[in-house]
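Engineer: sequence isn't available, so here's the structure alone:
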């Protein structure tokens, strides 16, 4: 018993230490109505600029930016200008957040230098959380990207990156070069080359997570390869590795110029150039994406262990007159295995194009109403190709191919089609069913639950109203970009759906196959707990 | 700023108070799942148990996918504080073999169920049930 009391006293002091430690972390405020000269950073006497607020922080503090629009470098969250003190641990980060999610917009009023990213966390920056901002760049060639995340263990949550006007040909919304970072419940829209890019030609970036991130490319004049999401593998090594996309969506993207041929194609909704390794895309969707080569372009050179799991490629096509039949996914290069399972590919030119070497696996996937049969390069790149299902029986191939007797009711859930249910190699359904969130919210790589399928409902899509509002803002194509027009009210940003209700990202995805969304998606009721729970000891034989 | 500091101090006192109360309460109730001394814990687990439950959907479109069992060795069982979980199909009765889940003979084990629905996620925990592992 005395040992028990001793334990509890020790626990008391340890917990007390952390409580006191927590108290020492302060909260400070910035407001458009504040003052950098007379304010003291309190809620009632805030500072005026975000830069002043950052300079007043210590490790583990929180800077709360009151809602409003903040302009130019004095307000950029850029550690080249305003050094943010690192947090001390994953659970004690230094936080810079909007008063309410998406309630703060940070943007420029004139031309910027190449290093003037509205969000920049340098390579020494760790354990910093940035939450709730809209980073908007207008009419400036530089910086290349709205944001650069070069440090480690940082979280970027509930942020939207928007780009308007001409831009540098290498530019986009975010380039991530650090390790163990998280981008969550965020979105990117507007002009872009690679919208969200991890890695780079000489990078060794590892263990980053994109979780519930939406991207839509509107236009570009970049003569470089382009995509909405990209993991740019190292040119010479396999050091850009271990990255996950969980429940990410590329939607309604428009392809860029093609005047230089393949070198400047839009390569896909996802494109993994060079030697990207151990990349997993799960619970993700490429929907109505215009491309020149594929929906998911999964391998280019010698990348290894690329996994495309429980994901959808739907409506993947080239622009009018484009000479290449686009597949839902494409594998190229010469080595390294890939796993493709529980994929739905439909309403696209073809199912897939696999010109990879050997060692690939394709199982439990559904190919629905595509224009032509899938194609393999020379030889047979599939080690295993089992239990895939086809609407258009002339496209059937592989071992134990299945007929699909009807379209699923909803694009998002193939398990509602009897012929797809319980017919997979693992006994589950064939094709993708994306109903629940992947990865415990807020977790970094390696933290408990970071890669687990949860029971948390994914729909309605988090913050879809705020995302739609920014995507719908007018953003006309400037001179010289492709395409030459940009209707920002297209697709999921339209005013109403075909049933006369306000269009949302959730309705757009669920209703692709013409059926109304289940009522309870938007009328969620409390789920009662099980009742009459009994545990009975079994009689021994 | 002064108010923020005062608030922080108040919060510290409140939290310390909560910690102290929790420690006192736990010392009264005992939450460590001690082995029952009247039971012979030297022999292996020999019994299995059948777990059953009802679940009534609040509307006709709500679809039950699975039950999820949470278990622990103390009554402070929550979705976060548990030893593990296991799911089972709602149309079958789940046969629990305690040894599979590393529950030792004579341990008092606590169980609670949730309902997992197709579109709406997971329910709250049911009432907690116990078994003395035999």
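Structural biologist: Sure thing, it's come through. Values in this document were obtained by computation on a predicted structure and should not be read as measured data. Numbers count the residues shown, from 1 in each chain, chains lettered A, B, ... in the order given.
Engineer: OK, contacts around the residue in the stretch 201-350 of chain A that chain B sits nearest to?
Structural biologist: Nearest residue of the stretch 201-350 of chain A to chain B: residue A:247, at 14.2 Å (Cβ to the nearest Cβ). For every residue, glycine as well, the C-beta is placed using N, CA and C. By Cβ atoms under 8 Å, 6 or more residues apart in numbering or on different chains, the contact set of residue A:247 is A:211, A:212, A:282, A:283, A:284, A:434, A:437, A:438, A:439, A:458.
Engineer: with distance to chain B and neighbour count added, can I get those residues in CSV?
Structural biologist: Converted to CSV, the contacts of residue A:247 look like this (distance: Cβ to the nearest Cβ, whole Å; neighbours: other Cβ atoms under 10 Å in any protein chain shown):
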residue, distance to chain B, neighbour count
A:211, 17, 24
A:212, 15, 26
A:282, 18, 22
A:283, 15, 26
A:284, 19, 29
A:434, 12, 24
A:437, 9, 22
A:438, 14, 27
A:439, 15, 25
A:458, 9, 19
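Engineer: next step: these restricted to helices.
Structural biologist: Among the contacts of residue A:247, no member falls in helices (DSSP state H).
Engineer: just those: which are in strands?
Structural biologist: Within those, residues falling in strands by DSSP state E are A:211, A:212, A:282, A:437, A:438.
Engineer: just give the closest residue to the third one, not the sequence neighbours.
Structural biologist: Right, residue A:282. The spatial neighbour of residue A:282 that comes closest, neighbours along the chain excluded (Cβ to Cβ, 6 or more residues apart in numbering or on different chains), is residue A:309 at 4.4 Å.
Engineer: also the last one?
Structural biologist: Counting by Cβ to Cβ, 6+ apart, the nearest residue to residue A:438 once its immediate chain neighbours are dropped is residue A:246, at 4.0 Å.
Engineer: how about the contacts made by the residue nearest the centre of chain B?
Structural biologist: Geometric centre of chain B, nearest residue: residue B:77, 3.1 Å, by Cα atoms, centre = their mean. Listed by Cβ under 8 Å, 6+ apart, the contact partners of residue B:77 are B:70, B:71, B:110, B:111, B:112, B:125, B:128.
Engineer: quick one: which of those sit in strands?
Structural biologist: Using DSSP E, the contacts of residue B:77 in strands are B:70, B:71, B:110, B:111, B:112.
Engineer: element containing residue A:508, please.
Structural biologist: Assigned by DSSP states H and E, residue A:508 belongs to helix A:505-510.
Engineer: likewise for residue A:192?
Structural biologist: Residue A:192 belongs to no helix or strand, assigned by DSSP H and E.
Engineer: my guess is it contacts residue A:224, does it?
Structural biologist: No - applying Cβ atoms under 8 Å as the test, residue A:192 and residue A:224 come out as separate, 11.0 Å apart.
Engineer: these two: who's more crowded?
Structural biologist: Shown here are residue A:192 and residue A:224; by other Cβ atoms under 10 Å in any protein chain shown, residue A:192 has more neighbours (30 against 16).
Engineer: do you know how far the more buried one is from residue A:250?
Structural biologist: 11 Å (Cβ to Cβ, to the nearest Å).
Engineer: any idea what residue A:345 is bridged to?
Structural biologist: Note on residue A:345: beta-bridge partners by DSSP bridges are residue A:313, residue A:367.
Engineer: mind listing what the residue lying closest to residue A:164 once chain neighbours are set aside touches?
Structural biologist: With Cβ to Cβ, 6+ apart as the criterion, residue A:164 has its nearest non-adjacent residue at 4.5 Å, and that residue is residue A:138. Residue A:138 makes contact with A:107, A:108, A:164, A:165, according to Cβ under 8 Å, 6+ apart.
Engineer: now those as JSON lines including secondary structure, pLDDT and neighbour count?
Structural biologist: Below are the contacts of residue A:138 laid out as JSON lines (DSSP: H, G, I helix; E, B strand; the rest coil; pLDDT from 0 to 100; neighbours: other Cβ atoms under 10 Å in any protein chain shown):
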{"residue": "A:107", "secondary structure": "strand", "pLDDT": "98", "neighbour count": "19"}
{"residue": "A:108", "secondary structure": "coil", "pLDDT": "98", "neighbour count": "20"}
{"residue": "A:164", "secondary structure": "strand", "pLDDT": "97", "neighbour count": "22"}
{"residue": "A:165", "secondary structure": "coil", "pLDDT": "96", "neighbour count": "17"}
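Engineer: closest to chain B among the residues you listed?
Structural biologist: Relative to chain B, the closest of those is residue A:107; by Cβ to the nearest Cβ it sits at 29.5 Å.
Engineer: in what helix or strand does the nearest residue to the closest one once chain neighbours are set aside lie?
Structural biologist: Spatially, and ignoring its direct neighbours in sequence, residue A:107 is nearest to residue A:136 (3.9 Å; Cβ to Cβ, 6+ apart). Element membership for residue A:136 (DSSP H and E) is strand A:133-138.
Engineer: list the buried residues for that strand?
Structural biologist: Within strand A:133-138, the residues that count as buried by 16 or more other Cβ atoms under 10 Å in any protein chain shown are A:133, A:134, A:135, A:136, A:137.
Engineer: residue A:121 and residue A:154 touch, don't they?
Structural biologist: Yes - counting by Cβ under 8 Å, residue A:154 is a contact partner of residue A:121 at 5.4 Å.
Engineer: what touches both of those two?
Structural biologist: In contact with both residue A:121 and residue A:154: A:128, A:130, A:178, using Cβ under 8 Å, 6+ apart.
Engineer: got the buried residues for stretch B:63-72?
Structural biologist: So stretch B:63-72, judged by 16+ other Cβ under 10 Å, has buried residues B:64, B:65, B:66, B:67, B:68, B:69, B:70, B:71, B:72.
Engineer: all set, thanks.
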